[in-house]
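K.L.:
Sharing a model prediction with you, sequence too.
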Protein chains: 2
Amino acid sequence: MSGHLAVVGLGPGDARYLTAEAEDALSGAQALYGYGPYLDRVPPRQHQSRHASDNREERARAAAALDHAARGARVAVVSGGDPGVFAMAAAVCEQIETGPEISRRVEVTIVPGITAMLAVAARIGAPLGHDFCALSLSDNLKPWDLIERRLDAAAGAGFVIALYNPVSRGRPWQLGAAIERLRRHLPDLTPVVFGRAVGRPDEAVNVMTLDAARAAPADMATLVIVGSRETRVIARPGLPPLVYTPRAAVAAEVSA
Amino acid sequence: MSGHLAVVGLGPGDARYLTAEAEDALSGAQALYGYGPYLDRVPPRQHQSRHASDNREERARAAAALDHAARGARVAVVSGGDPGVFAMAAAVCEQIETGPEISRRVEVTIVPGITAMLAVAARIGAPLGHDFCALSLSDNLKPWDLIERRLDAAAGAGFVIALYNPVSRGRPWQLGAAIERLRRHLPDLTPVVFGRAVGRPDEAVNVMTLDAARAAPADMATLVIVGSRETRVIARPGLPPLVYTPRAAVAAEVSA
């Protein structure tokens, strides 16, 4: 007998971002696993057990949830944003591949959610309206020189760049170093968006230049979008500015 | 007097992907604008006018919707997937920037949605679990040699690549050419996912190798995810395979 595991994307912080599919997966679960602050977003339900764990215990959480499901329960692992983007879905797959054989017999459903870059982009216009990439600045799981190579490749080829995990307590200098690296490829006036806690009461979305981004504060709840050479800012009378990247591009605008 | 324009992401094809915010924006609109098949997904409501237009008339649709909102109405433009990813939000911003002055006085809200790559990824595991990029293969709005440079940059630096707009009636060869280009950087056995019409009755998600992808059929409703050198396939007894990209990476696995 084997149960079912759902890996559920809650979106960025507010119930208005929840999809109907995610709502159904949460209400049908007998047990919920997740990082404490994400679990706190899910309203309590009777006959549903809750298993909170620390942010950095993703692999242990995946193992516990799979084991619970393998014993016949309907289990949901909750994830902020989209579980497939720098979140729990890959950790669950790693555990399925390398964990006990029984974990490969558990039926698994991934329920997508609004990932942070989509929510931040929507708040400010359409900065991801042209080719873009998503890059985690955490060097816990990959070497810093690989991150630099990816920044070079992405900015050099004209991708807009969404930076996930820009800063944490243990990684204070990486965002500044990334911005410096990007200045090799992009003009000082390139638009940059810092989106913090979108959809939560303390939400803050700020537009600045790449030059100013060097000194801008950020934390674990911040998502940074660095424009390309074609990203534009529209000033509007009495309304906040819009940032967008036009759908059309010409080769000459990309750095050599 | 000026009304309000919402640019609303419907997600990929089924109401289960709709967020609560999108539902509210649709139900509160006096007029809906959009590509016909997207409008058809929205249940009819009394006292709500509907304005369908062709797929390639994005700019004219944006202009008409902004003009309607500028005259005081609550207007919604519907978009498949997420409006900020190769969709209507950038077209609306272009029109706001370059259109009549009144369009810069319209209050605009972008409502994010589940974009195709997130839905396809969720169906198959976690192929976007590590750094990735999203690239439109349409050369209607940018030159083909720029697309090739971006494919080189992304694959060479170890990004997973989501290909939007791989094929259309007027662009029959671009996907095949892109796959050939990627073979310069990636092994023949690199996992590739073709996701078609996810969330609709005719959904089909196929896993294949990069080598086999050269001859695989695709159409306008297909989203292609090309793995990196680290993307893996997990075989499971009695269950479909899972495709995922581990969270950790080492520099040596990236091509020179």
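P.N.:
Noted; the coordinates are in hand.
K.L.:
Tell me where the stretch 1-150 of chain A has helices.
P.N.:
A:20-27, A:36-39, A:58-70, A:88-98, A:116-124, A:144-156 (DSSP state H, counting those that start in this stretch).
K.L.:
for the fourth one, packing partners?
P.N.:
Judged by 3 or more C-beta pairs under 8 Å, 6 or more residues apart in numbering or on different chains; DSSP states H and E, the packing partners of helix A:88-98 are strand A:4-9, helix A:58-70, strand A:74-79, strand A:107-111, strand B:125-126, strand B:232-236, strand B:239-244. C-beta here means a position set from N, CA and C on the backbone, and glycine is covered the same way.
K.L.:
Recalculate using a threshold of 6 Å.
P.N.:
Helices and strands touching helix A:88-98, by 3 or more C-beta pairs under 6 Å, 6 or more residues apart in numbering or on different chains; DSSP states H and E, are strand A:4-9, helix A:58-70, strand B:125-126, strand B:239-244.
K.L.:
gap between it and the chain center?
P.N.:
Its chain's C-alpha centre and that of helix A:88-98 lie 17 Å apart, by C-alpha atoms, centre = their mean, to the nearest Å.
K.L.:
What's the mean pLDDT across that helix?
P.N.:
What helix A:88-98 shows for mean pLDDT is 97.
K.L.:
Can I get that helix as PDB, trimmed to CA atoms?
P.N.:
Extracted in PDB, the C-alpha atoms of helix A:88-98 (Å, rounded to 0.1, in the frame of the first residue of the first chain):
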ATOM      1  CA  MET A  88      11.100  21.700  -2.600                       C
ATOM      2  CA  ALA A  89      10.300  19.700  -5.900                       C
ATOM      3  CA  ALA A  90      14.000  19.100  -6.700                       C
ATOM      4  CA  ALA A  91      14.700  18.100  -3.100                       C
ATOM      5  CA  VAL A  92      11.900  15.600  -3.300                       C
ATOM      6  CA  CYS A  93      13.200  14.200  -6.600                       C
ATOM      7  CA  GLU A  94      16.700  13.900  -5.100                       C
ATOM      8  CA  GLN A  95      15.300  11.800  -2.300                       C
ATOM      9  CA  ILE A  96      13.200   9.700  -4.600                       C
ATOM     10  CA  GLU A  97      16.300   8.900  -6.700                       C
ATOM     11  CA  THR A  98      18.700   8.200  -3.900                       C
END
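K.L.:
Strand B:232-236 and that helix, what's the angle between them?
P.N.:
Calculated by axes from the mean of the first three to the mean of the last three C-alpha atoms, to 10 degrees, helix A:88-98 forms an angle of 60 degrees with strand B:232-236.
K.L.:
What separation is there between the nearest residue to A:I96 once chain neighbours are set aside and A:Q95?
P.N.:
In this structure, A:I96 finds its nearest non-sequential neighbour in A:S103, 5.0 Å apart by C-beta to C-beta, 6 or more residues apart in numbering or on different chains. Distance of A:S103 to A:Q95, given as C-beta to C-beta, to the nearest Å: 6 Å.
K.L.:
which residues are common contacts for these two?
P.N.:
By C-beta atoms under 6 Å, 6 or more residues apart in numbering or on different chains, A:S103 and A:Q95 have these common neighbours: A:L66.
K.L.:
circling back to that earlier point, and the helices of the stretch 1-150 of chain A as TSV, adding mean neighbour count?
P.N.:
Below are the helices of the stretch 1-150 of chain A laid out as TSV (neighbours: other C-beta atoms under 10 Å in any protein chain shown):
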stretch	mean neighbour count
helix A:20-27	19
helix A:36-39	15
helix A:58-70	21
helix A:88-98	24
helix A:116-124	27
helix A:144-156	20
